[in-house]
Structures are given as C-alpha cells and as structure tokens.
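>>> Sequence first, then the predicted structure:
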Amino acid sequence: MSEALFQIGEDLPPALPERAAWGTAPKLRQWQQEALELYFEKPRKDFMTVATPGAGKTTFALRVAKMLHETGVISRITVVAPTEHLKSQWADSAARIGLAIDPNFKNSDGRHGSEYMGVALTYAQVASKPILHRNRTEAARSLVILDEIHHGGDALSWGESIREAFEPATRRLSLTGTPFRSDDAQIPFVDYVDDGTGVLRSRADYTYGYGPALRDYVVRPVIFMAYSGQMRWQTSTGEVMEAQLGEAATKDMTASAWRTALDPKGQWIPAVLKAADLRLTEVRRNVPDAGGLVIATDHEDARAYADILERLSGEKVITVLSDDPTASSKIEEFSEGTQRWMVAVRMVSEGVDVPRLCVGVYATSTSTPMFFAQAVGRFVRSRKRGEVASVFLPSVPKLMELANEMEEERDHALELDTGVSVEDLEEAPEEDLMREANREESASSSLTGAKFQALESQALFDKVLFDGGEFGTGGAIGSEEELDFLGIPGLLDADQVSTLLKQRQAEQLRRQPRKQQAEDPTMVDHRQMKELRKKLSSSVSAWSARTGTPHGMIHNKLREISGGPAVAQATKEQIEQRLEVLQGWFVGRK
C-alpha cells in the first residue's frame, strides 16, 4: 500500500469490515457486494465503477461511504452530480442509511451546517468556485463521489475545476452508467491504459453491464418499437424534398426526414404517440401504476406533445421543462403518483430515478451513445421480475444501431500522441448534422426569406428490435401487424419476450401471400428496383398535385389496396401492382 495515497492512520485493514458495521442498510445485490469486496480488498485513493443505468450505483456508493465513515477513514462526504434534482435524490438516499448530506448548499454559504456531514453539488457549481471546494476538501478527511464522471469532459474548464477542487481528497469514487462521449482530453481521476494500438482507453475497477444485469433480473428487458414513414419538407432554398424515414439516404436527407417526423404539426409523431399510449394501456393491465415518458428536443415540441397526449389519454400530462423552477417537484410528483404520461426536455434523461416508467417515446434528435444509453436507462430499472420496458423511436440508422448494441460496453478512447478521441474521426452523429443544417438554413433564410418547413409526415410501423434481433414484417398504423406487438403482455422475463416475438414474427410471415414469401430478393436487379421506386414516387407526386392528397396518404392507400410493406421493403411485384392501381386512378379521372 502506497503511503503517498493515504494519510497516516487512515488506511483500512485489508479485509472487508465486519457486517455489524454496516448499520441497517438494505441487503446488497450480488454485483454491489462483489464491487464492495473489491473496493476494500486493496484500498486505493481512486476507484471507478461502471454499472448500467438502473443497476443501483447510488446504493453501492453510499454503502462505501457509510463504511469508510464508520471505520474512521473519512469524516466528510461530497457528492458531485450533473443536475440539481439529482442532488436532492442523493441526499434522500443517504438519509435512509443515516448519512446527512445537504443538497441545498450554495457556494456563497462557505461551509455547511454542523448537522450535516457533507454536501451535494453540481459539476457547474464546482466549476464556478473550485478554490472554495478545494479548501473544503482539505479541511477534513473527505470522500468525493463523482456521479456520472463523464461530465468531467463536458468542457475543459469543468475537468480542470474538479481536478483542482478534489485533488486533495482522501478517497474518490467515480461512477458512470454511460458510454463515454468523444473528448479531446483525459477525464480527471479516470485511469487510462494503452490498448496496444496507440490508443489510450479508460479502465474501470469494476464493470457491470446491461447484459449481466438483465440475466440477474436487475434490469428490465427493453423492446424497441421502430416506426418509419414517408416525409416531405421544403428546404431553405424553397426546394421540396421527399424521403422514406429509415431508407438509405444521405446524411442531410436523413436529418431532414427525422426533423420532419418530429414536427408535432405532422402525422408521424401523433401516430407514434397514439401507439405508445395504446401500449401503455396494455402494460397497465399487468402493472397498474406503469408510467410513460416522452423525451422531446425543445420546449415548444414538449408542450405540443403534451397537448396531443392529453387529447389521446384524456388525462393531464406532466410537462417538465429546464427553465421551470418547479421541475424537480414535478418529477417527484410523477414518480410517486399514478399519472400516465410525463413529457420532458432532456432533463429526465440522466440519473433521475422514476422506477415506474415502463413506456418511452424517443422524440429527440440527439443520438450519441451516451445520451441514448442514459435515455433508455430511465426505463430499465426493475422493481419486480417480469416487468417489460417498451421504447418507441424513429427508424433512423444510428438509433437502430444503438438499440441493437444495448449490451455493448464502451470505454473512453484517446489517441496517445494527439489527444484527439478516435471517435472524433468517425462520421458525425445525426444531431450534429441537424445543428449544421439549421445553421445553414438560418444563413440561407436571411438571404432568400425562405426557411426549412416540414410539409407532411406519415407513420408506418417498421419493426421491433430486441436482444440484437429484429421482428415484424411492417404494416400500416392500426394494422394487425402493429397490434401484434403493441399487445404483448407487460409482465414477461427476457426469455419469454424472445419466445413471444419469434411467435408473432412467424404468424405474420404465414399471413403474407405465398408469392411474396417465395420471391428471392437477391435475384432482382437493384437498378430496376431503383427505377421502379422512382417511377412510383413520380406518379404519387403527380396524383398529389392533381388531387391535393398528401403523399403519405396516397402511399398508405396503395398499401391498403395491394398489400405489402413500405416502399423501401416492398418487392418488385408489389411496386408494379401499386403503379397499376395509380394508372387506373388516372384513367378513371379522364
């Protein structure tokens, strides 16, 4: 044991302290017990635990804190969290095991009251007065708990501030449940090692991923309900564009189609919200207090989505906005109540504990692995074995990839020489493209007077994703194909979910026309398919111009008449049948 790491008289004995010293805290889960034993097996100043959202990182960290305090290693606790709401959540959890932490401490207070043994801070609060917190850290034997330590990379100043403030700590415990974002500097107090390829990767002392947590029934299985559809919009140059959401397209086309889908004035998001509300009704048959959460991009959309849900459900929807001083109390009200829906802008995406959330709608343009994992993490916390989580999202390639990689664990990766994250060399995520497109549109609009405008969006049920597999043959909103999956019971374990999804998939395939099943798509010329799709799109546009009928409604009507999935998944024969139907319409009009 290095004397440089610990002050005299502060080291723990090598063995785990007797259980009698644990107080009246609740029984630990197996992973928490393993991590605790590892922590005390070889005392060290820094320890990082990576555990999937919903696994119980707070319980583990507070158990460490209680034992360090009762054995005299530390006399003060400082918790650093991303948000104000999480400060209160930490304080409440600590109080339940006899640790008094002040979540209302302000930098201007200078020091906390004598009735508390520590404080809860935000990263921003530390960054504004790092010297103050360094002095507080030096004034007593301090344990610093850094919740969601990846926030140390949010800005260079944040990383420098927490390093300055907490370098003198007796112990530091770093926690995260999230794949690290791309940064250009190392995150303070995180251990990095060369992976042998010229890249530095973060190394955790203990890791507990979603896969093991699912097998241990610590988290719920997550079913992803993906929706595609036809989108039409006007660019800042006045050009009208059209694309199928989820179909292979350029990045800017994908971003614009995604943006159009999320527009509350279109038909896509109301249709998906209706499907999610139907799913919530089904889940509540087995889980009466199950709640739903919509994660929106901005305040305006959040309010519009709440209005739509209130009309659908007939119940008041709780709306949580970042500029609302009552936001934390609204989250607590929803967590403790039985209301159906809450709509929030980002702030419920990380760390906030609302265990009854079972249904989610991912109605935001953000698609980083970090944000996606945190958002989905709001729905996976298990209260009892069998509860199933359902998350509705647009069929955007990046989101489909992330949904299929739920069990993948990611480390923070930095190139050794340059300090530039290797992830920065990859293609830009869709939300970056959206921001760039918005900037370009804004600049162009100032010259032309035009601006981006979502014209039309129609939703189609695409598929279900679970455990790396895809299920379903697609279908119209309200179709038997969609209802097969919306009606899945709300109480199933992971194996039962997998079995049921396979059964529903087989039933849908049996319902398809024999000719469609027999056709081998590899034998179809892709150039011919491209021309057929282009011809269909042109014909639909012509019929829309003649009748004033929206493109999406025309596509849906053609599918009702001739059957089959969306254009992107339709066979050659199905597209030809739709062209024949359209030709008949034109003839009938003459």
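Perfect, thanks for sending it.
>>> Flag the shaky bits of the stretch 101-250 of the chain, pLDDT-wise.
For the stretch 101-250 of the chain, applying pLDDT under 70 flags the ranges 153-156, 178-185, 195-198, 248.
>>> Show me where it has its helices.
123-128, 130-138, 156-166, 210-215 (DSSP state H, counting those that start in this stretch).
>>> JSON lines please, covering these and showing mean neighbour count and distance to residue 393.
To be clear about C-beta, it is placed using only N, CA and C from the backbone, and glycine gets the same treatment. Shown next, in JSON lines, are the helices of the stretch 101-250 of the chain (neighbours: other Cβ atoms under 10 Å; distance: least, Cβ to Cβ, whole Å):
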{"stretch": "helix 123-128", "mean neighbour count": "19", "distance to residue 393": "28"}
{"stretch": "helix 130-138", "mean neighbour count": "18", "distance to residue 393": "39"}
{"stretch": "helix 156-166", "mean neighbour count": "19", "distance to residue 393": "30"}
{"stretch": "helix 210-215", "mean neighbour count": "18", "distance to residue 393": "17"}
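>>> Count the neighbours of residue 547 for me.
Number of residues near residue 547 (other Cβ atoms under 10 Å) recorded here: 12.
>>> before we move on, back to that, so which of the helices of the stretch 101-250 of the chain gets nearest residue 558?
Evaluated over the helices of the stretch 101-250 of the chain, closeness to residue 558 peaks at helix 210-215, with 40.5 Å, by Cβ to Cβ.
>>> Just the CA trace of the closest one, in CSV.
C-alpha atoms of helix 210-215 as CSV (Å, rounded to 0.1, in the frame of the first residue of the first chain):
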residue,chain,number,x,y,z
TYR,A,210,-26.7,-4.3,-19.2
GLY,A,211,-26.3,-8.0,-20.4
PRO,A,212,-25.3,-9.4,-17.0
ALA,A,213,-27.8,-7.1,-15.2
LEU,A,214,-30.6,-8.5,-17.5
ARG,A,215,-29.6,-12.1,-16.7
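>>> chain center to it: distance?
Taking Cα atoms, centre = their mean, to the nearest Å, the mean C-alpha location of helix 210-215 is offset from the chain mean by 17 Å.
>>> Mind giving me the packing neighbours of that helix?
Here helix 210-215 touches no other helix or strand, going by 3 or more Cβ pairs under 8 Å, 6 or more residues apart in numbering; DSSP states H and E.
>>> so residue 116 touches residue 102, yeah?
Yes - the pair residue 116 / residue 102 is scored as a contact, 4.3 Å apart, by Cβ atoms under 8 Å.
>>> returning to that earlier point: for residue 58, which of the helices of the stretch 101-250 of the chain is the nearest?
Short answer: helix 210-215, nearest of the helices of the stretch 101-250 of the chain by Cβ to Cβ, at 14.9 Å.
>>> By mean pLDDT, point me to the weakest helix or strand of the protein.
Ranked by mean pLDDT, DSSP states H and E, the helix or strand of the chain with the weakest confidence is helix 430-448, at a mean of 41.
>>> which element follows that one toward the C-terminus?
Proceeding N to C from helix 430-448, the next assigned helix or strand is strand 453-457, under DSSP states H and E.
>>> can you list the residues that contact the helix or strand just after that following strand?
The C-terminal neighbour of strand 453-457 among helices and strands, as given by DSSP H and E, is strand 460-466. Residues outside strand 460-466 that contact it (Cβ atoms under 8 Å, 6 or more residues apart in numbering): 221-230, 246, 275, 395, 400, 403-404, 470-472, 474-477, 479, 481-482, 485, 497-498, 501, 556, 565-566.
>>> Give me the pLDDT value at residue 275.
Looking at residue 275, its pLDDT is 97.
>>> Off-centre distance for the top strand by length along the chain?
Taking DSSP state E as the criterion, the chain has its longest strand at strand 222-234. Computed by Cα atoms, centre = their mean, the chain-centroid distance of strand 222-234 equals 17 Å.
>>> what does stretch 371-379 give?
The answer for stretch 371-379 is 3 Å, by Cα atoms, centre = their mean.
>>> Same question for that stretch: list its buried residues.
371, 372, 373, 374, 375, 376, 377, 378, 379 (16 or more other Cβ atoms under 10 Å).
>>> Convert the C-alpha atoms of it to PDB, please.
The C-alpha coordinates for stretch 371-379 follow below in PDB (Å, rounded to 0.1, in the frame of the first residue of the first chain):
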ATOM      1  CA  PHE A 371     -27.400  10.200 -24.400                       C
ATOM      2  CA  PHE A 372     -29.200   7.200 -25.900                       C
ATOM      3  CA  ALA A 373     -27.900   4.900 -23.100                       C
ATOM      4  CA  GLN A 374     -29.000   7.400 -20.400                       C
ATOM      5  CA  ALA A 375     -32.400   7.900 -22.000                       C
ATOM      6  CA  VAL A 376     -33.100   4.200 -22.300                       C
ATOM      7  CA  GLY A 377     -31.800   3.800 -18.700                       C
ATOM      8  CA  ARG A 378     -34.800   5.700 -17.400                       C
ATOM      9  CA  PHE A 379     -37.000   2.700 -18.300                       C
END
